[in-house]
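> model this:
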Amino acid sequence: MADSLLDSQGRPLKRCSWCSAPVRWVTMVPSGRKNPLDPEPRSDGNVVLEAHNDSLAKALKRFEAHDGPRFVSHWSSCPEAWRRRGLPKPAGSAP
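Numbering: from 1, shown residues only. Next up, the predicted model:
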């Protein structure tokens, strides 16, 4: 199935393979690991995009200042993250 999702800035998105929510894949600096982000900025986000290349991102340290948009890793917001982590289903979650 072709997926042509775009965020509010017109950047391409994919879908989470666990919950089908839109995600934006970035490469974390300096680790080089791929990380899915929730596509829209949030005030409580701790991931920021690199100014020169928005496919690169870095995690902010606690209390680190940043004037631009902040994003949240989808791994922290995905309702199905327990599956990816190999954990038992959380009590009280929908079937």
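> ok, the residue lying closest to W75 once chain neighbours are set aside - how many residues close by?
Counting by C-beta to C-beta, 6 or more residues apart in numbering, A81 is the residue found nearest to W75 once chain neighbours are left out, at 5.7 Å. Quick note: C-beta positions are derived from backbone N, CA and C, even for glycine. A81 has 17 neighbours, counted by other C-beta atoms under 10 Å.
> what sits against the residue nearest the centre of the chain?
Nearest to the geometric centre of the chain sits L37, at 1.3 Å (C-alpha atoms, centre = their mean). Taking C-beta atoms under 8 Å, 6 or more residues apart in numbering, we find L37 in contact with V23, R24, W25, V26, V47, A57, F71, V72, S73, H74.
> taking the residues you listed one by one, which sit in strands?
Among the contacts of L37, DSSP state E puts V23, R24, W25, V26, V47, A57 in strands.
> Could you single out the nearest of those residues to L6?
Of all the ones in strands among the contacts of L37, R24 has the smallest distance to L6: 10.1 Å, by C-beta to C-beta.
> shouldn't that closest one be in contact with P41?
No. Assessed by C-beta atoms under 8 Å, R24 is found out of contact with P41, at 10.9 Å.
> so who does H74 touch?
Taking C-beta under 8 Å, 6+ apart as the criterion, H74 is in contact with C16, A21, V23, P36, L37, D38.
> how close does R33 get to S77?
Relative to S77, R33 is positioned 18 Å away (C-beta to C-beta, to the nearest Å).
> who's more crowded, those two?
Shown here are R33 and S77; by other C-beta under 10 Å, S77 has more neighbours (16 against 9).
> how many neighbours does the closest residue to that one other than its chain neighbours have?
Nearest-residue entry for S77: D38, 5.6 Å, with adjacent residues in sequence omitted and distances by C-beta to C-beta, 6+ apart. By other C-beta under 10 Å, 22 other residues sit near D38.
> so how far is H52 from D38?
As defined by C-beta to C-beta, D38 lies at a distance of 22 Å from H52.
> now do G32
Noted for G32: a distance of 17 Å to H52, by C-beta to C-beta.
> For the helix or strand where P36 lies, buried residues please.
Per DSSP states H and E, P36 falls inside strand 34-37. Using 16 or more other C-beta atoms under 10 Å as the test for burial, strand 34-37 gives N35, P36, L37.
> Thank you kindly, that will do.
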